[in-house]
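Student: Sequence plus the predicted model coming up.
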Amino acid sequence: MAKSKDTRITIILECNICSNNKEKKIKSSRYTTQKNRRNTPNRLILKKFCSNCKKHNIYNEIKK
């Protein structure tokens, strides 16, 4: 039987610090990636580089 491709989904990661700073009117930095729905059912949290803040920050998965 062929494997179904429904297990891997595309998600969007958004900078935690930039998303909280809405008053400066700077667009928040975002990354797109894929995750396996069966292995990680919870929201994904990664540490990545933010081009707006110029340092490594925590990125959270957001809704589409």
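Tutor: All right, it came through fine.

Student: Not including adjacent chain positions, what is the nearest residue to residue 45?
Tutor: The shortest distance from residue 45 to any non-neighbouring residue, by Cβ to Cβ, 6 or more residues apart in numbering, is to residue 60 (5.7 Å). (Each C-beta comes from the backbone N, C-alpha and C, glycine too.)

Student: Please identify the helix or strand for the residue nearest to the spatial centre of the chain.
Tutor: For the chain, residue 13 is the residue whose C-alpha lies nearest the centre (Cα atoms, centre = their mean; 1.2 Å). Element membership for residue 13, per DSSP states H and E: strand 8-15.

Student: Packing partners of that strand?
Tutor: strand 30-36, strand 45-50, strand 55-62 (3 or more Cβ pairs under 8 Å, 6 or more residues apart in numbering; DSSP states H and E).

Student: re earlier: quick check: the residue nearest to the centre of the chain touching residue 60?
Tutor: Yes - using Cβ atoms under 8 Å, residue 13 is in contact with residue 60, at 6.8 Å.

Student: list residues touching both of those two?
Tutor: residue 44 (Cβ atoms under 8 Å, 6 or more residues apart in numbering).

Student: Can you tell me what sits against the helix or strand of the chain with the lowest mean pLDDT?
Tutor: Of all helical and strand segments in the chain, the minimum by mean pLDDT, DSSP states H and E falls on helix 16-20, at a mean of 81. Helix 16-20 has contacts (Cβ under 8 Å, 6+ apart) with 26, 27, 28, 29, 50, 52, 53, 57, 58, 59, 60.

Student: Of these, which one scores lowest on pLDDT?
Tutor: The member of the contacts of helix 16-20 with the lowest pLDDT is residue 26, at 69.

Student: Excluding covalently adjacent residues, which one is nearest to residue 51?
Tutor: residue 29 (5.5 Å).
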